[in-house]
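[1] next one to model:
(one chain, ligands or ions: 1)
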Amino acid sequence: MKLFLPGPVSVSEKTFAAFRQPLIGHRSGDFKKLYGRIQPRLKELFGTRQPVFLSTSSAWGVMEGAIRNLVGKKVLNCMCGAFSDKWLDVSRRCGREAEPLQVDWGQPIRGEQLRDKLQQGDFDAVTLIHNETSTGVMSPLAEICEVMRGFPDVMLIVDSVSSFSAVPIPMNELGIDVLITGSQKALALPPGLALFSASEKAFSRAAQIEGRGYYFDFLEFKRNQAEDMTPSTPSISHIYALESKLEDIFAEGIAARHVRHAELNSLVHDWVRRHEFEFFAPDGYRSRTLTCVRNNRNIDVPALLRNLKERHGIILDGGYGKLKGKTFRISNMGDETRETISVLIAALDDSLPS
Ligand SMILES: Cc1ncc(COP(=O)(O)O)c(C=O)c1O
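    Residues are numbered from 1 along each chain as shown. Model prediction:
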């Protein structure tokens, strides 16, 4: 079976071979060498001079951790889909005061809306999902970061879970305080590892916040990082796989990787137009890693998924949460190529219910 889900995505044999290497002790010299070895490439990929941390958790662990570490007064959660909406709930479950900046599902978060909200409230942090995977919307990060420059005491926490490494996100240049991603999306690793980096400003804030807990305490990560280690026993297998993936990424070239994702995304867009479907996201704000197709033709989406699976061994997503059946999502993230996307497109042509 081949996954064309917007995460987890198919993992290559090379990556799995790296994942299966014999384990080493996580306090050993060999581990420290491995950890230290991948830092320069991770920093380049994050566009940061700060260390990049590895958390053995899915992304939500660090997304919740960012709230616990950085929110002292009140957080503004930018909400435009299932994952970004959930961050409000998570913030409140962490006992923090939180307010929504809610736009309709399918719309992006715009800089002006953010400025208006920040001018009204006493916020000390903002959460933003760069690429809302449930709706296929990519919010304009540069525009948002420009607005954030007017509020230097407000921390910007960005989830790049489904856009990281597929589009440019220069963390330092943009002034992002915490940038978070997960392993099972465009990095095409098995699920279970989250990666993040934090600004000096974020560490200073964390130092003033009580109740950061232990597992996701950013200052614990920083302390251990100084010795090329993680606070607790990490998934060493994931780190082997990550090293192998970094080799692939740098062999391809970061810029070429971005171009590849854009090209493959446009092949999917051509298919959508050819079959007279519509896009759920507006022009100019469409994700480059997945396409959320509006089911304006009212096709039998479960039949499409069944045909793809039974005739072609392909797994596709039939819409997330309240968009189930009203949309379906086609991923082009990870190791996909013109050839694999062409195979997908031929399979889609063959599997569309009449
Ligand atoms: C944009 C976004 N953020 C967060 C998550 C949550 O990631 P995880 O389930 O790996 O914690 C997802 C999962 O699909 C996602 O797409």
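
[2] pLDDT score for Asn121?
    Not Asn; residue 121 is Gly. With respect to pLDDT, Gly121 has a value of 87.

[3] who in the chain is up against the ligand?
    With CB under 6 Å from any ligand atom as the criterion, the chain meets the ligand at residues 7, 58-60, 83, 129, 133, 159, 161-162, 182. Backbone N, C-alpha and C define where each C-beta goes, glycine included.

[4] which of these are buried?
    Buried subset of those (neighbour count, 16 or more other CB atoms under 10 Å): 7, 58-60, 83, 129, 133, 159, 161-162, 182.

[5] just those residues now: which is nearest Phe216?
    Taking CB to CB as the measure, Phe216 sits nearest to Trp60 out of those, at 10.3 Å.

[6] contacts only, for that closest one.
    Contact analysis of Trp60 by CB atoms under 8 Å, 6 or more residues apart in numbering lists Val90.

[7] redo that, cut-off 10 Å
    83, 86-87, 90, 159, 161, 180, 182, 194 (CB atoms under 10 Å, 6 or more residues apart in numbering).

[8] can you count the residues close to Gly175?
    15 (other CB atoms under 10 Å).

[9] in a helix, Ile144, correct?
    Yes - counting by DSSP: H, G, I helix; E, B strand; the rest coil, Ile144 falls inside a helix.

[10] from Ala125, how far off is the nearest residue to it once chain neighbours are set aside?
    If the residues on either side of it in the chain are set aside, Ile144 comes closest to Gly111, at 5.4 Å by CB to CB, 6 or more residues apart in numbering. To Ala125, Gly111 is 17 Å away according to CB to CB, to the nearest Å.

[11] which of those two has more residues huddled nearby?
    Set Gly111 next to Ala125 and count neighbours by other CB under 10 Å: Ala125 wins out with 27 against 18.

[12] can you count the residues close to Pro152?
    Neighbourhood size, Pro152 [other CB under 10 Å]: 9.

[13] equivalent analysis for Arg149, please.
    Applying other CB under 10 Å, I find that Arg149 has 10 neighbouring residues.

[14] quick one: contacts for it?
    156, 174-175.

[15] quick check: pLDDT value at the closest residue to the ligand within the stretch 201-350 of the chain.
    Of all residues in the stretch 201-350 of the chain, Tyr320 sits closest to the ligand, at 8.4 Å by CB to the nearest ligand atom. Tyr320 is assigned 96 on the pLDDT scale.

[16] on that earlier part again, name the nearest of the residues of the chain next to the ligand relative to Asp217.
    Distances from Asp217 to those, taken by CB to CB, are shortest for Trp60, at 16.3 Å.

[17] could you give me the average pLDDT of the lengthiest helix in the chain?
    In the chain, taking DSSP state H as the definition, the longest helix is helix 254-274. For helix 254-274, the mean per-residue pLDDT is 98.

[18] quick one: list the elements packing against it.
    Packing contacts for helix 254-274, counted by 3 or more CB pairs under 10 Å, 6 or more residues apart in numbering; DSSP states H and E, involve helix 29-46, helix 236-252, strand 278-279, strand 290-294, strand 327-331, helix 338-351.

[19] need the contacts of Trp60 in TSV with secondary structure, can you?
    Shown next, in TSV, are these (three-state DSSP):
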residue	secondary structure
Phe83	helix
Lys86	helix
Trp87	helix
Val90	helix
Asp159	strand
Val161	coil
Ile180	strand
Gly182	strand
Ala194	strand
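
[20] dump the residues you listed into TSV; add pLDDT as well.
    Shown next, in TSV, are those (pLDDT from 0 to 100):
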residue	pLDDT
Phe83	98
Lys86	98
Trp87	98
Val90	98
Asp159	98
Val161	98
Ile180	98
Gly182	98
Ala194	98
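
[21] Met1: which of the residues you listed is nearest?
    Gly182 (21.1 Å).

[22] now do the contacts for that closest one.
    7-8, 55, 57-63, 159-162, 164, 189, 191-196.

[23] next step: the residues you listed restricted to strands.
    55, 159, 194-196 (DSSP state E).

[24] which one of those sits closest to the ligand?
    For the ones in strands among the contacts of Gly182, the residue nearest the ligand by CB to the nearest ligand atom is Asp159; the value is 4.8 Å.

[25] contacts only, for the closest residue to the closest one other than its chain neighbours.
    Once flanking residues are discounted, Asp159 sits nearest to Ile129: 4.5 Å by CB to CB, 6+ apart. Taking CB under 10 Å, 6+ apart, we find Ile129 in contact with 63, 77-87, 109, 135, 137-139, 157-163, 180.

[26] for PyMOL, what selects the buried ones among these?
    Selection of buried members from these for PyMOL, criterion 16+ other CB under 10 Å:
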select buried, resi 63+77+78+79+80+81+82+83+84+85+86+87+109+135+137+138+139+157+158+159+160+161+162+163+180
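
[27] thinking again about what came up before, between the residues of the chain next to the ligand, which is closest to Gln208?
    Of all the residues of the chain next to the ligand, Gln208 sits closest to Asp159, with 23.4 Å by CB to CB.

[28] that closest one reaches Met138, doesn't it?
    No - at 12.0 Å, Asp159 and Met138 do not qualify as touching, with contact defined as CB atoms under 10 Å.

[29] mutual contacts of these two, please.
    In contact with both Asp159 and Met138: 129-132, using CB under 10 Å, 6+ apart.

[30] from these, which land in strands?
    129, 131-132.

[31] now tabulate those in a markdown table and tack on pLDDT.
    Listed next are these as a markdown table, based on pLDDT from 0 to 100:
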| residue | pLDDT |
| --- | --- |
| Ile129 | 98 |
| Asn131 | 98 |
| Glu132 | 98 |
